[in-house]
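> Model the following, please.
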Amino acid sequence: MLTPITAQYKTVTLPVHPTASDLQGLVEPYRAMIVAQFNAILDRTERNDHYPWIDTKINLITGEELPPAHPLLGRDLVSGWVQGRGLESVVKFAVWLAPFAGDGEVDRLIERARRLAADLLARLQRAREINGGHLHFFMTPTGQALGLGPEMKRMPVALDASSPHSYSDLFCAKGMFAAAHLLGDRAAMGEARAFCMAVCRDVMARTFRSDQPQPAAGARPWITGAFSHGPAMISLGMAALLAEFEPGPGAAHLGLTLARRILDAHVNLGGKWPALREYDLVEFVDEADNPASDESGRIISDPGHSLEFAGLFLKFSRAVWRYGGATPAQREALQCIERIMPALLARAFANGFCPAVGGICKTVDLLSRRPVDDTMPWWSPPETIRVALAAWLVDESDESRQTCLGILAVSHNAFVTHYVRPQTHLMAVKVRNARGEAVDLMPSVPDADPGYHTLLSLIDALDLIQVLSQ
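Coordinates of the predicted model:
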């Protein structure tokens with residue numbers, strides 16, 4: 001039997017209209033990519049007691065270490081985003097390996113992943129205690145929240161129980177909830193679940209606030225006073241975990257509520273915004289849920305975020321169908337929203353994909369249909385691979401299914417041809433410019449992806465390929 005640790009990587013590209021047999025050809029390279037990256041993450045993190053956090057501080061263009069004394073990139077600065085995302089990824093890696101247990105090397109990998117999950121869970125718990133129940137975008141190695149002022153001057157950030165929840169809280173709550181279940185720690189399960197629900201309350205009340213420094217290199221234009229769909233979109237991943245670990249009407253209700261919030265406020269359905277195209281997803285809306293324009297009069301969409309929304313909803317709905325517990329009315333609502341996702345996928349991909357260089361641009365103006373930020377981050381293609389497979393499974397139209405598979409093929413080919421670096425643990429360069437060149441920009445966080453976008457997407461893709469091939 002081919003196990004993940006025996007899989008070999010080679011660059012495999014897909015034809016324009018892939019078959020089930022073509023998709024089976026992705027299993028071995030995807031498995032090899034997942035194992036190589038997590039082996040590197042585990043090796044790097046275990047090697048140095050002086051940085052007791054997930055260590056992906058590596059330049060993926062050169063393969064060199066990030067400068068240890070750099071005020072932004074060094075190991076005396078910890079990102080709550082990276083650690084929360086990384087914890088969820090390590091947990092998923094351990095769960096993914098479990099069916100192959102019994103092989104000595106697999107068992108050792110599982111044990112290493114579990115040990116890292118337990119250690120990181122404890123560190124995040126202590127950091128929450130220091131910060132009034134919160135995590136933060138930037139923290140000291142001991143977990144104290146901090147901000148960066150002019151000339152990278154560090155300033156403590158005071159957080160307490162009344163502070164709004166942020167993206168660091170959201171990423172870490174998901175990771176902590178998953179880790180507590182992996183480890184069977186009931187006390188941690190209750191604590192993490194309460195953390196998740198507190199974050200979701202702020203998301204739904206629109207009191208959630210981003211803790212990402214603004215402006216940031218390569219970041220989308222930020223519209224002051226407007227509301228992004230990002231918090232609700234990422235929270236769908238939380239709803240998927242809840243549907244898996246605590247299946248029932250409560251989990252289904254959470255995911256459906258989050259999805260409806262995005263569809264009602266951010267997606268052009270039924271031509272409600274005549275200046276836009278059907279299924280356009282607007283990144284920012286005002287308090288009345290109308291598209292918010294930036295200072296240049298542009299209506300911003302992030303095609304990658306649109307694709308991620310569709311993928312995370314379908315991940316959530318698949319968890320509900322797999323683990324059960326939804327009411328008949330909830331199952332009907334799931335099916336209604338599922339039917340929207342293939343068209344949303346096609347519209348978002350058409351809005352953002354740049355065929356000349358093989359990437360998905362960061363942001364576009366939905367009025368002019370031109371890029372606003374024409375850089376192309378690494379994470380959009382693997383997110384698209386996942387949603388294209390998931391959309392194929394829920395689609396009923398042969399023509400639309402072919403569209404899904406065509407999008408899958410183009411996204412996979414772009415990812416393995418232009419982003420993946422075999423010489424650097426099969427990780428992907430973070431950003432390419434409009435000419436297709438890898439550029440040294442920081443799209444969101446200083447560290448390399450700890451498996452969150454790339455490997456969580458590919459693990460889900462492998463599961464979906466297995467279903468497609470049956």
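> and stretch 334-347, which residues are buried?
334, 337-338, 340-347 (16 or more other CB atoms under 10 Å). C-beta here means a position set from N, CA and C on the backbone, and glycine is covered the same way.
> any idea how this structure splits into domains?
As given by automatic domain parsing, the domain ranges for the chain are 1-212, 226-443.
> circling back: now, the buried residues of stretch 334-347 that are in helices?
The subset of those located in helices under the criterion DSSP state H comprises 334, 337-338, 341-347.
> Same list, the residues you listed, but as a markdown table with distance to D185 and pLDDT please.
Shown next, in a markdown table, are those (distance: CB to CB, whole Å; pLDDT from 0 to 100):
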| residue | distance to D185 | pLDDT |
| --- | --- | --- |
| L334 | 31 | 98 |
| I337 | 34 | 98 |
| E338 | 34 | 98 |
| M341 | 35 | 98 |
| P342 | 39 | 97 |
| A343 | 42 | 97 |
| L344 | 38 | 98 |
| L345 | 37 | 98 |
| A346 | 43 | 98 |
| R347 | 42 | 98 |
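> deepest of the domains of the chain, which one?
Greatest average neighbour count among those goes to domain 226-443 (a mean of 20), per mean count of other CB atoms under 10 Å.
> first vs last residue of it, how far apart are they?
Domain 226-443 has an end-to-end distance of 21 Å (CA to CA, to the nearest Å).
> Equivalent analysis for stretch 87-106, please.
19 Å.
> And for stretch 383-402?
Using CA to CA, one end of stretch 383-402 lies 18 Å from the other.
> quick check: mean pLDDT across that stretch?
Across stretch 383-402, the average pLDDT comes to 95.
> residues touching H425, list them.
The contact partners of H425, by CB atoms under 8 Å, 6 or more residues apart in numbering, come to 36-37, 39-40.
> 7 Å instead, please
Neighbouring residues of H425 by CB atoms under 7 Å, 6 or more residues apart in numbering: 36-37, 40.
> Which residue ranges of the stretch 101-250 of the chain form helices?
Using DSSP state H, counting those that start in this stretch, the helices of the stretch 101-250 of the chain run over 104-130, 167-183, 186-205, 230-245, 249-266.
> An error on my part: the question was meant for the stretch 251-400 of the chain.
Using DSSP H, counting those that start in this stretch, helices in the stretch 251-400 of the chain cover 303-323, 328-338, 341-352, 380-394, 398-418.
> could you check the angle helix 341-352 makes with the first one?
Going back to what we said before, that points to helix 303-323. With axes from the mean of the first three to the mean of the last three CA atoms, to 10 degrees as the basis, helix 303-323 and helix 341-352 are set at 160 degrees to each other.
> Centre of the chain to helix 303-323, how far?
In terms of CA atoms, centre = their mean, to the nearest Å, the centre of helix 303-323 is found 11 Å from the chain centre.
> Report the backbone C-alpha coordinates of that helix in PDB.
Output in PDB follows, covering the C-alpha atoms of helix 303-323 (Å, rounded to 0.1, in the frame of the first residue of the first chain):
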ATOM      1  CA  PRO A 303     -11.100  36.800  -5.900                       C
ATOM      2  CA  GLY A 304      -9.100  34.500  -3.600                       C
ATOM      3  CA  HIS A 305     -11.300  35.300  -0.700                       C
ATOM      4  CA  SER A 306     -14.400  34.700  -2.800                       C
ATOM      5  CA  LEU A 307     -13.000  31.200  -3.700                       C
ATOM      6  CA  GLU A 308     -12.100  30.500  -0.100                       C
ATOM      7  CA  PHE A 309     -15.600  31.400   1.000                       C
ATOM      8  CA  ALA A 310     -17.100  28.900  -1.500                       C
ATOM      9  CA  GLY A 311     -14.500  26.200  -0.400                       C
ATOM     10  CA  LEU A 312     -15.100  26.700   3.300                       C
ATOM     11  CA  PHE A 313     -18.900  26.600   2.900                       C
ATOM     12  CA  LEU A 314     -18.600  23.300   1.000                       C
ATOM     13  CA  LYS A 315     -16.200  22.000   3.600                       C
ATOM     14  CA  PHE A 316     -18.800  22.800   6.300                       C
ATOM     15  CA  SER A 317     -21.700  21.300   4.400                       C
ATOM     16  CA  ARG A 318     -19.800  18.200   3.600                       C
ATOM     17  CA  ALA A 319     -19.000  17.800   7.300                       C
ATOM     18  CA  VAL A 320     -22.700  18.200   8.100                       C
ATOM     19  CA  TRP A 321     -23.700  15.500   5.600                       C
ATOM     20  CA  ARG A 322     -20.900  13.200   6.800                       C
ATOM     21  CA  TYR A 323     -21.500  13.500  10.600                       C
END
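> list the helices and strands that helix packs on?
helix 230-245, helix 249-266, helix 328-338, helix 341-352, helix 380-394 (3 or more CB pairs under 7 Å, 6 or more residues apart in numbering; DSSP states H and E).
> at 10 Å what do you get?
Contacts defined by 3 or more CB pairs under 10 Å, 6 or more residues apart in numbering; DSSP states H and E place helix 303-323 against helix 230-245, helix 249-266, helix 328-338, helix 341-352, strand 359-360, strand 363-365, helix 380-394, helix 454-468.
> Relative to T403, which of the ones you listed is closest?
Nearest of the helices and strands packed on helix 303-323 to T403, taken as CB to CB: helix 341-352 at 5.6 Å.
> packing partners for that closest one?
strand 300-301, helix 303-323, strand 359-360, strand 363-365, helix 380-394, helix 398-418.
> Determine how far it lies from the middle of the whole chain.
In terms of CA atoms, centre = their mean, the centre of helix 341-352 is found 18 Å from the chain centre.
> Kindly report the same for stretch 257-275.
Taking CA atoms, centre = their mean, one finds stretch 257-275 lying 22 Å from the centre of the chain it belongs to.
> ok, now stretch 427-445?
That offset, for stretch 427-445, works out to 17 Å (CA atoms, centre = their mean).
> again with stretch 326-342
Mean-position distance between stretch 326-342 and its chain equals 23 Å (CA atoms, centre = their mean).
> before we move on, what about stretch 397-408?
How far stretch 397-408 lies from its chain's middle: 23 Å, per CA atoms, centre = their mean.
> Just send the helices of the stretch 101-250 of the chain back as a markdown table, with distance to A409 and mean pLDDT too.
Shown next, in a markdown table, are the helices of the stretch 101-250 of the chain (distance: least, CB to CB, whole Å; pLDDT from 0 to 100):
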| stretch | distance to A409 | mean pLDDT |
| --- | --- | --- |
| helix 104-130 | 31 | 97 |
| helix 167-183 | 30 | 98 |
| helix 186-205 | 35 | 98 |
| helix 230-245 | 25 | 98 |
| helix 249-266 | 27 | 98 |
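> Could you dump those helices into TSV and include distance to K272?
TSV is the format used below for those (distance: least, CB to CB, whole Å):
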stretch	distance to K272
helix 104-130	41
helix 167-183	28
helix 186-205	22
helix 230-245	18
helix 249-266	10
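> Nearest to A319, out of those helices?
Using CB to CB, these put helix 230-245 closest to A319, at 3.9 Å.
> Hey, what's the angle from the closest one to helix 167-183? Just curious.
Going by the same axes, to 10 degrees, helix 230-245 makes 10 degrees with helix 167-183.
> Send me helix 230-245 as CSV with only the CA atoms.
Presented in CSV, the C-alpha positions along helix 230-245 are these (Å, rounded to 0.1, in the frame of the first residue of the first chain):
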residue,chain,number,x,y,z
GLY,A,230,-13.4,37.8,6.0
PRO,A,231,-14.4,37.1,9.6
ALA,A,232,-17.6,35.3,8.7
MET,A,233,-15.8,33.4,5.9
ILE,A,234,-13.0,32.1,8.1
SER,A,235,-15.5,31.3,10.8
LEU,A,236,-17.0,28.8,8.4
GLY,A,237,-13.9,26.7,9.1
MET,A,238,-14.9,26.8,12.8
ALA,A,239,-18.4,25.7,11.9
ALA,A,240,-16.9,22.8,10.0
LEU,A,241,-14.9,21.7,13.0
LEU,A,242,-18.0,22.0,15.2
ALA,A,243,-20.0,19.9,12.7
GLU,A,244,-17.3,17.2,12.9
PHE,A,245,-16.7,17.1,16.7
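> Okay then, goodbye and thanks.
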